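Undergrad: just need the structure, nothing else, for what follows:
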Amino acid sequence: MEHKTTRGSVSVKAARSGGGASGTIEAVFATLGVRDHDGDIVQPGAIGSGPVIISDWNHSSWQGARPIGRGRIYVDGNKARLSGRLFLDTAAGREAHAILKGLGDLAEFSWSLDSIESHMGKDAQGRPTRFITGVKVREVSPVIQAASIGTGLLALKGRGSTRAELAAIKARLDREELAEIAERNERAMHCEAAQMELLSLHEAMLRRDGVGYSRDLDSLVPDGTKDAARAAVLRYGEELGLPADVRVKWFSAEDEEGHVEFRSLRPLLGRCRPKAEPDVIWLHSALDAPEAHRVAAHELRHLAGGDEEEARIYEEKAKFEWLERNWR
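TA: Numbering: from 1, shown residues only. Below you'll find the model as predicted:
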């Protein structure tokens, strides 16, 4: 008996089934990575998750019969599974439910496939085989005989589901949710461990190759440099929407003998920490007045949330305005 037929651009492949409560139904309709009776191997990843129509018997919905349900496709390991609901408020849905319930583990399903991506090759036994690498599942349908290997009835429940059946469904959902939470936590732990390792490596590099800096007293900075920095705060702070009380602190490079407050892998002219110190910018105490003005503008743009490119543009703007004002 032929287990796969073609209608137009749609080919039909069979597989055993199953179902769930209040007309809910669950079915394994394809086993991935296993050669079926049609000489095909549906590769893992070929079938994607998504909504799907449940057709009347033997794909008769293609000939005009109304669908008997709807569901969603899930892929669990090497099993493609339908989880859905039969339309028990229709005669066809009720009849299909009664027949499937009566068939039990003899019930089988098939699926219509379209937009097939495949290539020919040989399986492990050297038999000519079509390897399906991508496919669109158009519908699933109860049938008499399956083509896929290793499928079978999962569950089929009607309106009179018992408390035990409902408890079993809840327990399965709870297990799936717990498994998902455990997987999510494991991924988060891996990410956290990687971040900690990167931070540790960065700290080691700073200690080995970084330049150490410490804070300087305002009294050590020339008045002209301090005035230029403060003018930049007044000029650009308001424009950038920063608080009026943004403070300027000063730092200089420190040798290994001195007290190092922070380190950098590259020489610094300025720095800021928007989250830790949202109202402070730091400038190198060796800057002259024009440099203090433009570097302050650079750090103010960072403090307002700008990235490095935006800060550089703002620094050029401050440099131009300084030259224009002092040229006059």
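Undergrad: Gln43 against Ile132, yeah?
TA: Yes: taking Cβ atoms under 8 Å as the definition, Gln43 is a contact partner of Ile132 at 6.2 Å. For glycine as for every other residue, the C-beta is placed from the backbone atoms N, C-alpha and C.
Undergrad: got any ranges where the protein has weak pLDDT?
TA: 1-22, 145-183, 186, 190, 194, 199, 202-211, 255-258, 265, 328 (pLDDT under 70).
Undergrad: show me where it has helices.
TA: Remark: helices assigned in the chain by DSSP state H are 91-103, 163-209, 223-239, 289-303, 308-327.
Undergrad: helices and strands around the shortest one, which ones?
TA: Applying 3 or more Cβ pairs under 8 Å, 6 or more residues apart in numbering; DSSP states H and E, one finds that helix 91-103 contacts strand 79-86, strand 128-143, strand 153-156.
Undergrad: if you set the cut-off to 6 Å instead, what comes out?
TA: Under the contact criterion of 3 or more Cβ pairs under 6 Å, 6 or more residues apart in numbering; DSSP states H and E, helix 91-103 touches strand 79-86.
Undergrad: within the sheet, what are the partner strands of the strand it packs on, with directions?
TA: Strand 79-86 pairs in its sheet with strand 24-31 (antiparallel), strand 69-76 (antiparallel), by DSSP bridges.
Undergrad: mean neighbour count and distance to Glu291 added to these, as JSON lines?
TA: Listed next are these as JSON lines, based on neighbours: other Cβ atoms under 10 Å; distance: least, Cβ to Cβ, whole Å:
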{"stretch": "strand 24-31", "mean neighbour count": "26", "distance to Glu291": "69"}
{"stretch": "strand 69-76", "mean neighbour count": "17", "distance to Glu291": "61"}
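Undergrad: nearest residue to Val42 in space, please, no chain neighbours.
TA: Ile132 (4.7 Å; Cβ to Cβ, 6 or more residues apart in numbering).
Undergrad: which residues does the one you found bridge with?
TA: Assessed by DSSP bridges, Ile132 has beta-bridge partners Val42, Ser118.
Undergrad: burial of it, as a residue count?
TA: 21 (other Cβ atoms under 10 Å).
Undergrad: same question for the one 4 residues further on.
TA: Here the neighbour count serves as a burial measure; for Lys136 (other Cβ under 10 Å) it reads 15.
Undergrad: quick one: the nearest residue to it once chain neighbours are set aside from Leu287, how far?
TA: In space, and not counting its chain neighbours, Lys136 is closest to Ser115: 4.2 Å by Cβ to Cβ, 6+ apart. Ser115 is 64 Å from Leu287, where distance means Cβ to Cβ, to the nearest Å.
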